[in-house]
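Participant: I need the structure of the sequence given here:
(chains A and B)
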Amino acid sequence: MTCTAAAASRIATSWPSIARGVALVLGLLCATSARGQLPKPAPASAKPDDAIGIVDVRQRDLLQQPVAANWPSYNGDYTGARYSALSQVTPANTARLTAQWVFHPHTVSPLEVTPVVVAGVMFVTSANDAYALDAATGKVLWQHTRAVSQGLIDDPAQHHNRGVAVLGARVYMETDNAHLLCLDARSGNLIWDVAYATGNRNYGATSAPLAVKDKVIVGVAGGDDGVRGFVAAYDAETGAEKWRFWTIPGPGEKGNESWPGDLYLHGGGATWMPGTYDPDLNTLYWGTGNPAPDYDGSVRPGDDLYTSSLLALDPDTGRLKWYFQFSPHDLYDYDGVQTPVLINTRFKGRPRKLIVTANRNGFLYILDRTNGQFLFAKQFAQQLNWAKGIDENGRPIGANLIPDESGVRVCPANGGATNWYSPSYNSATHMFYFRSFEDCAVFRAKPTAFEPGAGYYATGARISDEPGKAWINAFDLDELDFAWRDPQIGPHKGWGGVMSTATGLVAYGDDAENFVILDGRTGKPLWHFHVGQLIHASPMSYAIRGRQYFAVAAGSDVFAFTLP
Amino acid sequence: MDRGLRVRALGIGLWIASASVLMHGQDDARLGARRYMEYCAGCHGTDARGGAKGPSLTSSAAVNRSDSELSATVRNGSRGGMPPFAQIGDANIQALIHFLRLLQGAGSANTPHQPPGDAGAGRALYFGKAQCSACHMMNGQGGFIARSLTHFARNRTPDAIRAVILNPDNPLIPSTQVVAVTTRAGEKLTGVLRNEDAFSLDLQTEDGRYHMLSRSDLMHIEYSGHSLMPRDYGTRLTPTELNDIVSFLMAAGKNEPSSEERDR
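Facilitator: Below you'll find the predicted structure:
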């Protein structure tokens, strides 16, 4: 059988016809066999054109590490490394990159989506809308529109959405009001819609789901507003709930002593970023947000499990394998949802399966991901006073700065020393790249009762007047120290994540509305493009017919760049 | 075919509106669509169902406001922070309100219509003899090459639904047109034209594959002037069967509340 694009699609359009069925079967067979020939980590040109245009994501596509032509999930591959094997753009030719197209979805700004690309089709979300684009031209193939929800509060009321998961010929997204939508990847038609967070009107969602095996994993937002966080898995075919892990333990469960009465129903621990997944260890790694109420810790004694933590979950059952809490009894809004990046490398001379993550609390952590053992911490926030250090078990040595009615100055501020914008691990340079931010805030606390439809901060944090300072950091995993730190120059507080490529390039949005590519070995900027809008999102790279592209959401647009 | 007149990629909301253009002036709707996208969509969304900055214009409150009330708001802005648009002129305001009415639904949103036949029999036809489900989903069941009909009947009268089944290409929705292309390499492809411009076109074949084509690679393009929808339902189905299908579309759509009606 000749599996050219033409063979799969030389169809009769007579109505209705056997030819339709034949064309469909032929198309599926061709798609399958074309995928069967795919080499593993591949230069852009190795992607057969036959695979272009048919969206059918198989397990092997999701398991490919590192990603190349396709970028099939939020972080590219399951490691969260945001590292692309594509090598067409190099330090030598980066300066020739040029804007290829701009897509303007109209509905929300700033976009926080990372585009997902499969077989030349790009999927992006904007508020509750999903779009399939021709990734070579930016033109719309389909769109699924859904009105933004009224009556939301806090983060979900901004209608931010970070993108889709794709499995088979289906696209999955979360909506602002925490529904999981299953769309047909070929048409955008809605297949099913599951409301997965009910019983508390302060729930919402902003994340991209994660497809693992035959399930789609979702989380919730609303951790500052008194929701009870959870990670939940849905059958990708039917939308039936398969398991749910509550991040705040209920009565009788370990850790419930922090949550007197019915406070466990309002303890936060939101799960508002996609996790990572190790297929060999069959473990899902998912970060949790701050406890609620945010600033008044007097009502939630103890460590407040499992807030500001990293959870290691069995993806088949949702069973907790282990956890590591970065910020026990957090009082400063230090969510622990920053991407836990899975890295296999030598650590102090011994090959290990690691998690590396830069936390909002100002420390970079290295853990053994087989068991959660703490291995290493490094302070990266230069202004940091909430802790005096990290002890040998990975527990912070607190400085006893407790918010009260008169206020206490704490660094980092409530926005954290880093945040949800993505880090990247580059196996070619052996460096871990991430954005950080230096500032302080005065935290105040006042006892407040939970109330539906209102925030549950129990008063607030005011950022100090002194100007903050942002950095792009390169942490060398051999030296266990910073190789370089690039101070960000510009009038805005940047929210641009980083990604990197096999040729050692690091791409990110800076603090002056530029999309920048620098040399990851040295930190030297190689190229920039002024997108004229602040970048509140993390970039990615993909290839079609041998051409490598970079794409990033900036303000209310998605931009794509390639070599001429 | 005048490509310049194609209103492209405005999405499902506009498809629905386009179908309704049958009953109104097409030119008015095109002008209104352009003005709506230019001045309104940024805040209220391309489908008028609300965006990050502006509320839904398809709520019953908005539907029930008169044309003159809506014109006044467009001209003068609102206390809620909507800027005034008097400067665009009354003709443009009238056109965009005309288009907004299409987005709100062709029929009256508030008048319940009596189904003309048997929805159960219609369901059997939809998934059986009439083969609607080969291309159209209903509540997630069915094909993908044509759009989902889950919400199709909402705000439509039985007569309007029947008219679309009997005359599917009137008007022809641009992104549903079947075209046949021949590449310079001699390859022939027939599929649905999802979008096109002077430089490229995206063709979707019935296996679901998108063919992303550069116009310079094509030797010949043949526009069929038709969608994939059969044009002989008037003879293939009896009037009773048609009524049954119309009733099924009306009943099925009711099972699926709009997102605005959903319980959070």
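Participant: kindly export stretch A:389-402 (C-alpha atoms) in PDB.
Facilitator: C-alpha atoms of stretch A:389-402 as PDB (Å, rounded to 0.1, in the frame of the first residue of the first chain):
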ATOM      1  CA  GLY A 389      18.100  28.100  55.500                       C
ATOM      2  CA  ILE A 390      17.100  24.500  54.700                       C
ATOM      3  CA  ASP A 391      18.100  21.700  57.100                       C
ATOM      4  CA  GLU A 392      19.500  18.300  56.200                       C
ATOM      5  CA  ASN A 393      16.000  16.900  55.700                       C
ATOM      6  CA  GLY A 394      14.900  19.600  53.400                       C
ATOM      7  CA  ARG A 395      12.800  21.500  55.900                       C
ATOM      8  CA  PRO A 396      13.100  25.200  56.100                       C
ATOM      9  CA  ILE A 397      14.600  26.800  59.200                       C
ATOM     10  CA  GLY A 398      11.900  29.400  59.800                       C
ATOM     11  CA  ALA A 399      12.600  33.000  60.800                       C
ATOM     12  CA  ASN A 400       9.300  33.300  62.700                       C
ATOM     13  CA  LEU A 401       8.000  36.200  60.600                       C
ATOM     14  CA  ILE A 402       4.300  36.000  61.300                       C
END
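Participant: give me the buried stretch members for it, please.
Facilitator: By neighbour count on 16 or more other CB atoms under 10 Å in any protein chain shown, the buried set for stretch A:389-402 is A:I390, A:G394, A:R395, A:P396. The C-beta positions use only the backbone N, C-alpha and C, and glycine is treated the same way.
Participant: quick one: contacts of it?
Facilitator: With CB atoms under 8 Å, 6 or more residues apart in numbering or on different chains as the test, stretch A:389-402 has contacts from A:297, A:324, A:326-328, A:331, A:361, A:363, A:365, A:367, A:374, A:377, A:379, A:385-388, A:408-410, A:443, A:445.
Participant: run the chain-centre distance for it.
Facilitator: Centroid separation for stretch A:389-402 versus its chain: 27 Å, with CA atoms, centre = their mean, to the nearest Å.
Participant: got it, and stretch A:518-538?
Facilitator: 19 Å.
Participant: could you look up the SS state of residue 162?
Facilitator: Defaulting to chain A. coil (DSSP: H, G, I helix; E, B strand; the rest coil).
Participant: chain B is the one I meant
Facilitator: B:R162, by the three-state scheme (three-state DSSP), is helix.
Participant: the strands in the stretch 51-200 of chain B, which residues?
Facilitator: Under the criterion DSSP state E, counting those that start in this stretch, the stretch 51-200 of chain B contains strands at B:178-183, B:188-196, B:200-204.
Participant: may I see the buried residues of the longest one?
Facilitator: By neighbour count on 16+ other CB under 10 Å, the buried set for strand B:188-196 is B:L189, B:T190, B:G191, B:V192, B:L193, B:R194, B:N195, B:E196.
Participant: can you turn the buried part of the contacts of stretch A:389-402 into a PyMOL selection?
Facilitator: Entered in PyMOL, the line below selects the buried ones among the contacts of stretch A:389-402, by 16+ other CB under 10 Å:
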select buried, chain A and resi 297+324+326+327+328+331+361+363+365+367+374+377+386+387+408+410+443+445
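Participant: narrow the contacts of stretch A:389-402 to those in helices?
Facilitator: Using DSSP state H, the subset of those located in helices is empty.
Participant: go through the strands of the stretch 51-200 of chain B and name the closest to B:L103.
Facilitator: Closest approach to B:L103 among the strands of the stretch 51-200 of chain B is made by strand B:188-196 (20.3 Å; CB to CB).
Participant: partner strands of that closest one and their direction?
Facilitator: strand B:178-183 (antiparallel), strand B:200-204 (antiparallel) (DSSP bridges).
Participant: against A:D77, how distant is A:H106?
Facilitator: To A:D77, A:H106 is 31 Å away according to CB to CB, to the nearest Å.
Participant: and A:G188, that one's in a strand?
Facilitator: No - using three-state DSSP, the assignment for A:G188 is coil, not a strand.
Participant: what's the burial count for it?
Facilitator: Residue neighbour count, defined by other CB atoms under 10 Å in any protein chain shown, stands at 24 for A:G188.
Participant: cool, B:G50 as well?
Facilitator: Residues near B:G50, counting by other CB under 10 Å: 26.
Participant: spit out the contact partners of the closest residue to it other than its chain neighbours.
Facilitator: With sequence-adjacent residues excluded and distances taken as CB to CB, 6 or more residues apart in numbering or on different chains, B:G50 is closest to B:S56, at 3.7 Å. Residues near B:S56 by CB under 8 Å, 6+ apart: A:A147, A:Q150, B:H44, B:G45, B:A48, B:R49, B:G50, B:A62, B:E260.
Participant: returning to what we had before: need the buried residues of stretch A:389-402 in a markdown table with pLDDT, secondary structure and distance to A:V218, can you?
Facilitator: Putting the buried residues of stretch A:389-402 into a markdown table (pLDDT from 0 to 100; DSSP: H, G, I helix; E, B strand; the rest coil; distance: CB to CB, whole Å) gives the following:
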| residue | pLDDT | secondary structure | distance to A:V218 |
| --- | --- | --- | --- |
| A:I390 | 98 | strand | 31 |
| A:G394 | 98 | coil | 28 |
| A:R395 | 98 | coil | 30 |
| A:P396 | 98 | strand | 30 |
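Participant: so what are the domain limits for chain A?
Facilitator: Following automatic domain parsing, one gets these domains for chain A: A:5-37, A:83-562.
Participant: mean pLDDT lowest where, among these?
Facilitator: Ranked by mean pLDDT, those bottom out at domain A:5-37, which scores a mean of 34.
Participant: residue numbers of the stretch 151-264 of chain B in contact with chain A?
Facilitator: Residues of the stretch 151-264 of chain B lying near chain A by CB under 8 Å from any CB of the partner chain: B:178, B:187-191, B:194-195, B:197, B:199-200, B:202, B:204-212, B:224, B:228-230, B:258-260, B:262-264.
Participant: among the residues you listed, name the buried ones.
Facilitator: B:178, B:187, B:189-191, B:194-195, B:200, B:202, B:204-212, B:224, B:228-230, B:259-260, B:264.
Participant: return the nearest residue of the stretch 101-250 of chain B with respect to chain A.
Facilitator: For the stretch 101-250 of chain B and chain A, the shortest gap (CB to the nearest CB) falls at B:D207, measuring 2.6 Å.
Participant: is that residue in a helix, a strand, or coil?
Facilitator: Taking three-state DSSP as the rule, one finds B:D207 in the coil state.
Participant: I figured it hits A:D56, correct?
Facilitator: No - using CB atoms under 8 Å, B:D207 makes no contact with A:D56, being 10.4 Å away.
Participant: part of a strand, is A:V337?
Facilitator: No - per three-state DSSP, A:V337 lies outside any strand segment and is coil.
Participant: what's near enough to touch the residue in the stretch 401-550 of chain A positioned nearest to chain B?
Facilitator: The nearest approach of the stretch 401-550 of chain A to chain B comes at A:I544, 7.8 Å away (CB to the nearest CB). The contact partners of A:I544, taken as CB under 8 Å, 6+ apart, are A:K47, A:I52, A:A69, A:G120, A:A135, A:A136, B:M212.
Participant: and what of B:F127?
Facilitator: B:S133, B:Q141, B:G142.
Participant: ok, the closest residue to the first one other than its chain neighbours - how many residues close by?
Facilitator: Okay, so that is B:S133. Spatially, and ignoring its direct neighbours in sequence, B:S133 is nearest to B:G142 (3.7 Å; CB to CB, 6+ apart). Neighbourhood size, B:G142 [other CB under 10 Å]: 21.
Participant: pretty sure B:G142 sits against B:R123.
Facilitator: No - with contacts counted by CB under 8 Å, B:G142 stays clear of B:R123, the gap being 11.6 Å.
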